[in-house]
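# sequence? don't have it. structure:
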């Protein structure tokens, strides 16, 4: 048995054991789980939140540095390799993998919630409306895409240029050498698996909340925990069928359908909503976001309890970091043949603009109704029940039932696709970069990530989802900083090697 194979088995078994222990903890000691996670959350916010703020800003600056550096000309793979996918398809896949369910869930809820409860100042004012859009752009803009860019680029470079296994620990070869196959490498891979499980479970929890809200709105089905568990169970069966039967075309069809439906619903809301207001809001909010970028990036509210920062900014940074191994692995898979400059432009710049435009359409339309038209009752409804926010918005527009049906279909298709692809990536991560993990491993992870989502929802819903994400992502944030150092060392070696070859 090879060293790499033994490593894969140990990573798999330890990751499974830790995750199963967490599930049992949540089932049999729910109150204790809630108590412990809340204490970890409080400690992290009060004393360690600056690590998230500093590291996330560093990833943005590091990505911009790579964009303009001499390394930008390096191609991911051989010099003769060319991209496997057209740029338009590549960008569509990046957007779907990087945001998916989350952007549908929060695009209305977050701006309206910030309008009601801003990070500072009075709510229900013109100033809080401006802050609401600026901070929503901030949370969904350059920072998350920079986190994805760093890990995706490192994985792609060491996989395609250095011929190392498609695992997180491979990105540390310049620092650790063959130790990536030993206990240190195993620990890195286990943390990556653990962070991914909870990052995905958080999204599956959000998705279940939104789907159950859609069923409640459209079919008057009681929106209960039981319904949410049934939704997770049904979705699990669907994506497990696709895994075991190898229906890659089916999943590709689902992904394409989700993107088509997303563009359709975006266009409909743009046309049926306050069109000119949306365009004005997009450019104004983009300017405010870029102008105050550094101040927002480093804001930790040391003279107050910092609850708003913890509930929003730190939660988001932790969520993106927890998602990073999964999304990074996917981005690396579809980016072979592109130069580093193309990669950074495609992963950092283009999706940021697309995400901000989506938020301007949905969040801007929501703010139009609650602020410009003075519908404070709608604002409070959205702030109190964020999972129903997009359906509350559709109720204000013509053809609301049609919009709600399309919106529900978008969430369901994203849900199944994300669950399926994340299960595949978890199989890769826990089998030392095996590009074709066994069905047994994929089924195991599929069931486990659904169980984690159920346990988190049962233990306290959104609050526990947030606290666990923040706690599990902290070690991986530090690991990613060292990954940047390792990547620079690898790139320097690559430039030096090419220089010698030319001579």
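Good, I have the coordinates. Given the structure is predicted, the values throughout are model-derived calculations rather than measurements.
# State the distance from the residue nearest to residue 285 when sequence neighbours are not counted to residue 326.
Once flanking residues are discounted, residue 285 sits nearest to residue 133: 3.9 Å by CB to CB, 6 or more residues apart in numbering. Placement of C-beta: from N, CA and C, glycine included. Using CB to CB, to the nearest Å, residue 133 is found at 29 Å from residue 326.
# Between these two, which has more neighbouring residues?
residue 326 (29 against 26; other CB atoms under 10 Å).
# for the stretch 51-200 of the chain, what spans make up the strands?
In the stretch 51-200 of the chain, no strands are defined using DSSP state E, counting those that start in this stretch.
# give me the low-pLDDT residue ranges for it?
Scanning the stretch 51-200 of the chain for pLDDT under 70 picks out nothing.
# Could you list the buried residues of stretch 395-407?
Neighbour counts using 16 or more other CB atoms under 10 Å place 396, 397, 400, 403, 404, 406, 407 of stretch 395-407 among the buried residues.
# any chance of the residues you listed in a markdown table, plus pLDDT, distance to residue 455 and secondary structure?
As requested, the buried residues of stretch 395-407 are exported to a markdown table (pLDDT from 0 to 100; distance: CB to CB, whole Å; DSSP: H, G, I helix; E, B strand; the rest coil):
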| residue | pLDDT | distance to residue 455 | secondary structure |
| --- | --- | --- | --- |
| 396 | 94 | 36 | coil |
| 397 | 95 | 37 | coil |
| 400 | 94 | 35 | helix |
| 403 | 94 | 33 | helix |
| 404 | 94 | 29 | helix |
| 406 | 92 | 31 | helix |
| 407 | 92 | 27 | helix |
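# Output those residues in TSV, with distance to residue 478 appended to each entry.
Output for the buried residues of stretch 395-407, formatted as TSV (distance: CB to CB, whole Å):
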residue	distance to residue 478
396	45
397	45
400	47
403	43
404	43
406	42
407	38
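# Show me which pair in the residues you listed is furthest apart.
The most widely separated members of the buried residues of stretch 395-407, counting by CB to CB, are 396 and 406 (15.7 Å).
# number of nearby residues for residue 353?
Residue 353 has 12 neighbours, counted by other CB under 10 Å.
# Which strands and helices lie in contact with the helix or strand where it lies?
Using DSSP states H and E, residue 353 sits within helix 350-367. On a contact count with 3 or more CB pairs under 8 Å, 6 or more residues apart in numbering; DSSP states H and E, helix 350-367 meets helix 87-98, helix 101-116, helix 126-140, helix 142-156, helix 248-272, helix 275-291, helix 389-395.
# Excluding covalently adjacent residues, which one is nearest to residue 184?
Per CB to CB, 6+ apart, closest to residue 184 is residue 176, 6.0 Å.
# ok so, going back, which one among the buried residues of stretch 395-407 gets closest to residue 337?
Nearest member of the buried residues of stretch 395-407 to residue 337, counting by CB to CB, is residue 406, at 35.0 Å.
# where does the stretch 251-400 of the chain have low pLDDT?
Residue ranges of the stretch 251-400 of the chain with pLDDT under 70: 251-252, 255, 302-306.
# Which member of the buried residues of stretch 395-407 is positioned nearest residue 61?
residue 407 (36.4 Å).
# Surely that closest one is in contact with residue 389?
No. Using CB atoms under 8 Å, residue 407 is not in contact with residue 389, being 10.7 Å away.
# wait, the residue nearest to residue 285 sits on residue 283?
No. Look at residue 133 against residue 283 with CB under 8 Å: they stay out of range, at 11.1 Å.
# now residue 294, nearest residue through space, not along the chain?
residue 57 (7.9 Å).
# One more: residue 147?
Spatial nearest neighbour of residue 147, excluding adjacent residues (CB to CB, 6+ apart): residue 320 at 4.8 Å.
# On the three-state scheme, that neighbour is what?
Assigned with DSSP: H, G, I helix; E, B strand; the rest coil, residue 320 falls in the helix class.
# How far away from the center of its chain is stretch 274-288?
Distance, stretch centre to chain centre, for stretch 274-288: 25 Å (CA atoms, centre = their mean, to the nearest Å).
# who's in contact with it?
For stretch 274-288, contacts defined as CB atoms under 8 Å, 6 or more residues apart in numbering pick out 130, 133-134, 137, 270, 356-357, 360-361, 364-365, 367-368, 372.
# swap in stretch 356-369?
Where contact means CB under 8 Å, 6+ apart, the residues beyond stretch 356-369 that reach it are 103, 107-108, 110-112, 115, 129, 132-133, 136-137, 140-141, 266, 269-270, 273-274, 277-279, 281-282, 285-286, 289, 375, 378, 382, 389-390, 393, 396-397.
# same thing with stretch 150-164?
59, 62-63, 66, 74, 76-77, 81, 165-166, 168, 170-171, 173, 180, 324-325, 327-332, 335-336, 340, 343-344, 347, 433, 480, 483-484, 486-487, 490-491, 494.
# Sort out for me which of those residues are in helices.
Mapping the contacts of stretch 150-164 onto helices (DSSP state H) picks out 59, 62-63, 66, 173, 324-325, 327-332, 340, 343-344, 480, 483-484, 486-487, 490-491, 494.
# From those, list just the buried residues.
By 16+ other CB under 10 Å, the ones in helices among the contacts of stretch 150-164 give 59, 62-63, 66, 173, 324-325, 327-332, 340, 343-344, 480, 483-484, 486-487, 490-491 as buried.
# which residues touch residue 486?
By CB under 8 Å, 6+ apart, the contact set of residue 486 is 154, 171, 172, 173, 174, 175.
# Please tell me how far it sits from residue 342.
From residue 486 over to residue 342 (counting by CB to CB), the distance is 22 Å.
# next one: residue 266
26 Å.
# do residue 412 as well
To residue 342, residue 412 is 33 Å away according to CB to CB.
# Those two - which one has more neighbours?
Using other CB under 10 Å as the criterion, residue 412 and residue 342 rank with residue 412 on top: 22 against 18.
# how about the nearest residue to that one, chain neighbours excluded?
Excluding the flanking residues, the one nearest residue 412 by CB to CB, 6+ apart is residue 211, at 6.1 Å.
# Would you mind pointing out the helix or strand that neighbour falls in?
Assigned by DSSP H and E, residue 211 belongs to helix 183-219.
# Show me what that helix is packed up against.
Judged by 3+ CB pairs under 8 Å, 6+ apart, helix 183-219 is in contact with helix 3-28, helix 101-116, helix 225-244, helix 315-334, helix 389-395, helix 400-430, helix 439-460, helix 462-502.
# How far does the fourth one sit from its chain's centre?
Read it as helix 315-334. Counting by CA atoms, centre = their mean, helix 315-334 is centred 6 Å from the centre of its parent chain.
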